[in-house]
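**Student:** Need the 3D shape of this:
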Amino acid sequence: MNSDMSPLLHSSGPIEVERKFVPGPDVEQKLSALGAELVEEITFRDAYYDSPDLHLTLNDMWLRRREDSWELKHPPQRGARGLNGASTQYMELTSEGDILRRVSEELGIPCPLNIESLGLNEFATFVTRRRRFQLPLVENSKTKVVVDLDEADFGFAVGEVEVLVKTQEEVEDAFKKVEEICRQLGVFRETPVQGKVSTFLQLNRADHYRQLLEAHVI
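**Tutor:** I've put the predicted structure just below:
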């Protein structure tokens, strides 16, 4: 990140460092060879929301309702983008109060009582089947590395290597870790791999997708 970026936002929540990849037919075999354990297999519906003028997503802010739980992902630094090379870093907010304050601040409106009162529109919804694997902890490390293998109901599959950290100082090491795991799985690429939401928009909302490209969000 550039040194002249604005200071960190005062939002609470972990920072998610992630790298997407195209899963091949032998990826689970390779995960097993690394000692990874299947810890969860779930199916869930995601719905994504934005203001009518697409202000949130054009500023790389992603408000999602997964089943009955809300989450907001946004870059840890104001004016930055979550995409960093082929990896991403986003702060995750899961408290409805924190989400309301951050979104209303971004939109320049009074903070309402609930998210439904923000006047946002749903722009994407789909169902995902996820198989989540956890890699064994490295000696003297508390950092958990998880690998998600996702299949969306619109015919798209993607893998994600994810590390959660608490501070910006830990981000660089997390970037190196997710890159290392991708290399060990044989799925490393220098260029970003498109995720589920971007692919959904490319297939179903071409104008929204084009605006995100022009804004260098995706």
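
**Student:** Buried residues, the lengthiest helix in the chain. List them.
**Tutor:** In the chain, assigned by DSSP state H, the helix with the most residues is helix 171-185. In terms of neighbour count (16 or more other Cβ atoms under 10 Å), helix 171-185 has its buried residues at Val171, Ala174, Phe175, Lys177, Val178, Glu179, Ile181, Cys182, Leu185. Heads up, the C-betas are built off the backbone N, CA and C, glycines and all.

**Student:** Break down this protein into its strands, ranges please.
**Tutor:** 15-21, 37-50, 62-66, 69-74, 83-84, 87-93, 121-134, 145-152, 156-165 (DSSP state E).

**Student:** Mean pLDDT lowest where, among these?
**Tutor:** Among these, strand 83-84 carries the lowest mean pLDDT, a mean of 78.

**Student:** what residues does that strand touch?
**Tutor:** The contact list for strand 83-84 (Cβ atoms under 8 Å, 6 or more residues apart in numbering) reads Met1, Asp60, Phe175, Pro192, Val217, Ile218.

**Student:** which among these gets closest to Val147?
**Tutor:** Phe175 (15.9 Å; Cβ to Cβ).

**Student:** is the nearest residue to that closest one once chain neighbours are set aside in a bridge, and if so with what?
**Tutor:** The shortest distance from Phe175 to any non-neighbouring residue, by Cβ to Cβ, 6 or more residues apart in numbering, is to Ser87 (5.4 Å). Using DSSP bridges, the bridge partners assigned to Ser87 are Arg19, Asn84.

**Student:** residue contacts, Ser87?
**Tutor:** Val17, Glu18, Arg19, Phe175, Val178, Glu179.

**Student:** go again using 7 Å as the cut-off
**Tutor:** Counting by Cβ atoms under 7 Å, 6 or more residues apart in numbering, Ser87 makes contact with Val17, Glu18, Arg19, Phe175, Val178.

**Student:** I'd like those residues laid out as TSV, including distance to Arg102.
**Tutor:** TSV is the format used below for the contacts of Ser87 (distance: Cβ to Cβ, whole Å):
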residue	distance to Arg102
Val17	20
Glu18	20
Arg19	25
Phe175	24
Val178	25
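
**Student:** distance of the nearest residue to Tyr209 once chain neighbours are set aside from Leu213?
**Tutor:** Residue nearest to Tyr209 in three dimensions, not counting chain neighbours: Leu201, with 4.1 Å by Cβ to Cβ, 6+ apart. The spacing between Leu201 and Leu213, counted by Cβ to Cβ, to the nearest Å, is 10 Å.

**Student:** Equivalent analysis for Ile99, please.
**Tutor:** 26 Å.

**Student:** Quick check on the two: which one has the bigger neighbour count.
**Tutor:** Neighbour count, other Cβ atoms under 10 Å: between Ile99 and Leu213, Ile99 has more, with 20 against 13.

**Student:** Leaving out the residues flanking it, which one is nearest to that one?
**Tutor:** Leu72 (4.6 Å).
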